[in-house]
Every structure is written in structure tokens, then in C-alpha cells.
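Student: Whatever this is, show me its structure:
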Amino acid sequence: MSFIAKLKRRNVFRTALAYAVASWLLVEVMELITGTFGAPPWVLKVFVSLLIVGIVPVVILSWLYEITPEGIKREADGQVEHTAGTTRKLNIAVIIMLAVAIGLFVQDRISRESAPVPTPAHEAVVNAEPVPVTEGPPMVAVLPFTSVSLEGESDFFATGIHDDLLTQLAKLESMRVISRTSVLQYKGTVRNLREIGQALGADIILEGGVQAAGERIRINAQLINAHTDEHLWAETYDRALTPSNIFDVQREIALAITDAMNTTLTVQDNEQLTVIPTENMAAYRAYRRAMDIRNAPDSRGISEPAYLEALEEAIALDPNFVLARAELVGVKALKNTALIEPDPEIARVVEQELEQIRAIAPGSAEYLFAQAYYIYYILRDYDHAHDVVTQAISRNPSDINVLELKAWIERRQGNFEARTESYRELARLDPRNLFWNVAIINNLWVTHQYGAVTGELRTAPTDNDWMDTIRVLMALREDGDFVRLQESMQEIYAGREEEATSDLWAAHWLNRDYTKVLRYLEGADPQPTSEGRTFNHDGWFGLTTYWLVQDQVQLQRYINLATQFLHSRRDTTGELQKVADYTLLALVHAVQGDQQASLKAYRRWKNLAAADPTHGMLDGATTCWTLGIAGATTEATKCLRTYFLKPSYAMPFMDPYLPFFDSMRDDPQFLELMSEVEAGVFDPGLIVIE
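Tutor: Reported below is the predicted structural model:
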């Protein structure tokens, strides 16, 4: 008998085949187990290696022994007869194991349809058509990364890596990146990627998952053509869990995106991607905690003490962590908002931090951003701040935080046209955020571009109180119907009067219907808060309404509360802390009938506000109302005429008809103003109101 015949008779071939099929089945099962429990990659590699080595003893044993009906016996050249039953059993076992292995393989492939088998970047891109880009740099949407493990810190790192990737990609000149706010809306949703791409205005979509276990992290990522739903590239990264490895992966993903988009990284892009923000894992974790607090929808963001504590911890752990230092400079400088004079202690701390950043990374995007915050909030040199923030944008072209700061600076400069364009760019980078639509319309509104407002409202969302209010006011501009205005405003804020803007109360005042305001004031709490927000809302309406109805008891109560509040706002020199405080002081004197004291406070406000158009925009209209209450006809008339032309919420089709100006309606100065209003001098589209 030939050697081959002996191998067949002793079922050596069948045994080897059965072992191979069983090994395949075991590998499929082991891959599922290691993925579920987050085992490091080497476990599966060792297991496969042992199975490969095991084929040798299995073949030897199958030559020496044979399975018989009496059990396993030593083969000694014919001492044990080969039976058809043994062969048949081996065949059945192979078929069953093969069927199970194929079933597991097919199920695994189906479950990975949203994350195809990793393919080298160059192969995937070469085989794919270049992604068409409509205009300008390609738009990239990075969807929230998923956590593919129920244990460990996968969720923490999935969020962190997604945020970090957005931050890193936002610095690149070769692409534009959709903001975090917009892409987060698709977290945990059933994804039709083509529809998502269309909603976001994206050319390419990046999605991925993170699995962290022990000291290892696995990141998988894939790119999809948002126009065709075609997969362009996929890769899985298994690395030791270190910040440098995390940022290295981000660099590789950025390179893959540029390959897919048939573009190249600029010199600046390459420089940006080589920077490792921190090598300290504990500092990285602390910084990520701070960002989670800032971004949490149910938190007070940067007002949370834990947010500052986490940032300071990150800096203490890694003094060279520029990203954390820049964030700290921004939040501390922000505390000077609306203060007449910057807090010297805050200024000192900010200057120290800024000097540290300059020493570590003088040409970095973070230094420019932090410097812009300092110049804007501390030095208040708005032109210089605009120059610096423009440089920062060149280093962070997709960073909406930098772009938003630019828009705030442009408001301080009085450059509302540029501000509108900044908001349009923000809306492009953050298309699912209604705030930017509101900001565009608001900017057009305060500059009295009512025709442009009408155009924007045609495509603006309707489920927003402020936009609905603007629509109602635009209708008032056309028909001059104060009764309809009141009815419409009441419908918008039905049962939620405490959330209303001054426009609801103005609608009541225009119709001299004070009972509705009084009804609300019965449940109002005019007690001042540390920031004056409650008093500025309830207290301001209480002062004006009780003055209108001449309820001296309630009026005096509100005067006392306002006086106490203003006293708490004075510094050691007697100066009020905020410019807006002088508008409240002018109102308190006005309702008391002290015209001279009211005018003195008004002039102080006017002098302080002259350096910053923001104050006139925010408080110009109500300041004119106060002058009307004070009976200062000349100043009130001039004020209205000024803010019908300057950026403000003063409306020529509403403000002159408020009851605050009733005492001067027969005055020649006011009559002249009204003739100009009704002739459309301040608004060519304004109808004549009978």
C-alpha cells in the first residue's frame, strides 16, 4: 500500500481538514469574545499562533491513532480495521463545523457594514472617484464617535477624541469642518449618510468608534462620500493609550481626508498637525473633563466651579499645556464683560497666563486666540483685537469660537455689516444651530434693514419665539395695527409671560392696557440678584408700569429696591460697575419726577456709551423711553431721532406711539419728529399710522 493510501486510510487528511475548520470556528468565536471584553490585540494573535503550531501534533497523532467504535486505538499497520463509520462521522463533523463557521463569518460581515474591513488609505482613494466640491475648501462632517465597549473608558475617550479631532481639523486651511453643535444632533441616530451630508452641506463624512481597555485603545474610522454614499477609506488603529498616540491617529485621519478630497495639506497644515498638545495623560484627562463640563447641555458651562478647577489641574500637571492655558485666559478675561473698568486682579492673572503661552508657543493659534481675548476684554482696543482675531482665524479657519469672538469685536467696532458676514460664515460651519439664523436676523433688525429681514424670514425656522416676535413686528410695520400686535404677542407667550421680551409689554402699553402687565407683576419677584437680571426684567417693568398707572405705593417699593440694588453696584469711588446701571439710575430719578437728576445719569451713560456702539444698540431705545418719562422733550426727541438711524432696537413704527411720550405730543419738537416718522424719513417702507 502506498504512503498516500495509508494517509487516506488513517484519515489523516480528514483530520487535518477537521482541525482547520475547527480552528477557523474558534478564531471567529475568540474574535467576538476579545472584542466584547476589550482584550488587547496580542491575545488573539497568540491564540491564532498556537492553533497554527497545533496542526503538527494533530497530524502526527492522527497517523498513530484511529477512532474506532471501541474507542481511540493505536494504529499498527492493520491491527485496527478502518471503518466506513469513522470516515462518515469525520465528514459530518467537518460539515457541521464548516456551516457554523460560515454562519459566524457572514453574521460578522453583516454587522460591520457600517464599518467595512479596513483598507489601506491609498488603495481606497485610488479606486474611488474624487469627491466633488461645490465651492471653496471641501466641507467635512465628523460625526460623533461611538463607544464599542460596555466597559472601561470608551465613552470618555470617544467623546474626547471626537472633540479633539474637530479641534485639530478646524485648524487646517485645506478643508472646512462642520462644528460640534451641528454634528452632535446625529449622535445615536439611524444614519442615512447622504441625507445627513445634505443637511450639513458636507462633501465628506467621517465616522468612527473607540474602544479603550486598560492601557490600550482601538480607534476605527472611515470616510464616506456625502454625495454618493461611497466608502472612500477605512482604517483601524490599535495603540498604547497615550496622548501622543491619540494625536498621531488624528494626523493620519487628516491625511486620509486630504487624499480622499484629492487635495494636499499646506505647509501650515503640516505644522499644525505635528503639534502634540500634551504628553501627560493625567493632564489630558483633566482638560477633557473641563471640556465635558463646558459642553454639557444641563450645566452652566464656564460658570461651573468644576470647569475652572479641571483646567487649573490640567495646567498644574503640565505647565506647557498651551491649549488648557488659552482656554483659561478666555474664561477669565470674559469676567470683565460689561464692567466699566477691568478688574485689576483678573487682568494680572490673565497677563501672567498670556506671558506663559507666549514663552511656550509664541506663534501658535492658541496664543493668538488668547491674545485676542485679552485685548478685547481687558485692554478694550477693539481695532487691535480685530487684527489679532483675524490672524487667529487664519490659523483656525473652522473654529467657531474664534469666529464668534470676531463677530463680538465687530459689534464693539460698530461694523455691523462685517458682523453679518461673520454670522453667515458661522451658519455655514454650524448649519444645524438655530442661534446663527437668529443672530443674522437680529443684526439686520438692529441696523433697521427691514427689507433684508423680510428676505431672511422666508427661509428661517418658525419654532422660535424671537423669530415669531420679529414676524409680528414686521406685520405691525406694514399695517400699524396695535390691537393685532397685542393679540399676536399674547398668543406667542401664552402662559409664559415671564419669558417674554419687552415687546410683549410694549404691545400692552401701546393699547394702554395696563391691567395685563399689572396681573403679571402681582406674581413677579423684583428682588435684585447679584447680576441684576431679575431686577432688570421684573423691576424695570414694575417701575414703568406703576408710574404709568400712578400706583404710588407699589412704585415706591420698586424705587426702594432699585436704589438698594444700585447701591450694591457702586465701587469704592462711588462709580457704578456697569454702563447699563446708569440707565436704571436715570429711570429711578425719572419716575420720581426728578428730571435734572435723570438727565445727569443719562448724560453719564451717554458719555460712557460713546466709546462702544454696543451700549446704544442694547439700551438706546429704553433710554429714550426714560427721557420721555422724565418729560425731557428736547432730549427724548433727539434720542429717538438718533436711534432710529443708529444700530438699536428703537423702531420708528412703534416707539413714538408709546405712552411714555404722551406728555409731549403737542410740543412742536415732537410734532416735527412725528411728521418725519409718518413721512418715512427713518424707514421708507413705513406706512402712515392714523
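
Student: from here on, contacts and neighbour counts on C-alpha atoms
Tutor: Fine.

Student: Next, please give the residue ranges for the strands of the protein.
Tutor: Under the criterion DSSP state E, the chain carries strands at the ranges 65-68, 71-74, 139-142, 146-147, 176-177, 204-213, 216-225, 231-240.

Student: And for Q577, the neighbour number?
Tutor: 18 (other Cα atoms under 10 Å).

Student: list the contacts for it?
Tutor: For Q577, the contacting residues are L339, I340, E341, R569, R570, D571, by Cα atoms under 8 Å, 6 or more residues apart in numbering.

Student: domain parsing for the chain?
Tutor: As given by automatic domain parsing, the domain ranges for the chain are 3-111, 121-264, 281-447+460-474, 478-678.

Student: I'd like those domains laid out as JSON lines, including distance to E271 and mean pLDDT.
Tutor: As requested, these are exported to JSON lines (distance: least, Cα to Cα, whole Å; pLDDT from 0 to 100):
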{"stretch": "domain 3-111", "distance to E271": "32", "mean pLDDT": "62"}
{"stretch": "domain 121-264", "distance to E271": "10", "mean pLDDT": "81"}
{"stretch": "domain 281-447+460-474", "distance to E271": "10", "mean pLDDT": "90"}
{"stretch": "domain 478-678", "distance to E271": "38", "mean pLDDT": "90"}
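
Student: In a markdown table, list those along with distance to N270.
Tutor: A markdown table is the format used below for those (distance: least, Cα to Cα, whole Å):
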| stretch | distance to N270 |
| --- | --- |
| domain 3-111 | 31 |
| domain 121-264 | 9 |
| domain 281-447+460-474 | 12 |
| domain 478-678 | 40 |
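
Student: nearest to V275, of these?
Tutor: Each of these was scored for nearness to V275 using Cα to Cα, and the closest is domain 121-264 (8.5 Å).

Student: How far does the closest one sit from its chain's centre?
Tutor: Its chain's C-alpha centre lies 17 Å from the corresponding centre of domain 121-264 when counted by Cα atoms, centre = their mean, to the nearest Å.

Student: and of the strands of the chain, who's closest to R325?
Tutor: Among the strands of the chain, if distance is taken as Cα to Cα, the winner is strand 176-177, at 23.8 Å.

Student: For D463, see how far away E491 is.
Tutor: Distance, E491 to D463, by Cα to Cα, to the nearest Å: 13 Å.

Student: Over to A506?
Tutor: For A506, the distance to D463 (Cα to Cα) stands at 22 Å.

Student: Neighbour count for these two, which is higher?
Tutor: Each of A506 and D463 had its neighbours counted (other Cα under 10 Å), and the higher figure belongs to A506 (23 against 9).

Student: Can you get me a residue count around the residue lying closest to that one once chain neighbours are set aside?
Tutor: With sequence-adjacent residues excluded and distances taken as Cα to Cα, 6 or more residues apart in numbering, A506 is closest to L658, at 7.3 Å. Other residues near L658 number 17, with proximity taken as other Cα under 10 Å.

Student: what do you get for A283?
Tutor: When counting by other Cα under 10 Å, one arrives at 24 neighbours for A283.

Student: How many neighbouring residues does the nearest residue to it once chain neighbours are set aside have?
Tutor: With Cα to Cα, 6+ apart as the criterion, A283 has its nearest non-adjacent residue at 4.2 Å, and that residue is A314. Neighbourhood size, A314 [other Cα under 10 Å]: 28.

Student: Quick check: A314 touching A290?
Tutor: No - contact status for A314 versus A290: not in contact, 9.0 Å apart, counting by Cα atoms under 8 Å.

Student: Quick check: buried residues in stretch 589-599?
Tutor: Going by neighbour count (16 or more other Cα atoms under 10 Å), the buried part of stretch 589-599 is H589, A590, V591, Q592, Q595, A597, S598, L599.

Student: Please tabulate these in CSV and include distance to W625 as additional columns.
Tutor: Formatted as CSV, these follow (distance: Cα to Cα, whole Å):
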residue, distance to W625
H589, 13
A590, 10
V591, 11
Q592, 15
Q595, 13
A597, 16
S598, 12
L599, 13
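
Student: and of those residues, the nearest to E498?
Tutor: Distance to E498 across these (Cα to Cα) is lowest for V591, with 23.1 Å.

Student: how about the closest one, what does it touch?
Tutor: By Cα under 8 Å, 6+ apart, the contact list for V591 reads L543, T544, W547, I629, A630.

Student: what's the answer for A158, then?
Tutor: The neighbours of A158, taking Cα under 8 Å, 6+ apart as the test, are P144, F145, T146, S147, G209, V210, Q211.

Student: Then E312?
Tutor: If a contact means Cα under 8 Å, 6+ apart, then E312 has L328 as its contacts.

Student: Swap in 10 Å and give it another go.
Tutor: When contacts are counted by Cα atoms under 10 Å, 6 or more residues apart in numbering, E312 is found next to A283, A286, Y287, A290, A306, D318, P319, A324, R325, L328.

Student: Filter the residues you listed down to the ones in helices?
Tutor: A283, A286, Y287, A290, A306, A324, R325, L328 (DSSP state H).

Student: so which of the residues you listed is the most crowded?
Tutor: In the ones in helices among the contacts of E312, the most neighbours by other Cα under 10 Å go to A324, 28 neighbours.

Student: Quick one: residues contacting that one.
Tutor: 277-278, 283-284, 286-288, 290-291, 310-315, 318, 357, 366.

Student: switch to 8 Å and redo it
Tutor: By Cα under 8 Å, 6+ apart, A324 lies in contact with Y287, L311, A314, I315.

Student: how close does it sit to D163?
Tutor: Plainly put, A324 is 14 Å away from D163 if you go by Cα to Cα.

Student: Please apply the same query to V453.
Tutor: Taking Cα to Cα as the measure, V453 falls 35 Å from D163.

Student: Equivalent analysis for P277, please.
Tutor: Counting by Cα to Cα, the gap between P277 and D163 amounts to 14 Å.

Student: of those two, who's got more company?
Tutor: Using other Cα under 10 Å, the more surrounded residue of P277 and D163 is D163, with 20 against 16.

Student: For that one, which non-adjacent residue is closest in space?
Tutor: Per Cα to Cα, 6+ apart, closest to D163 is R180, 7.4 Å.

Student: Quick check: the one you found touching L166?
Tutor: Yes - R180 is within contact range of L166, at 7.2 Å (criterion: Cα under 8 Å).
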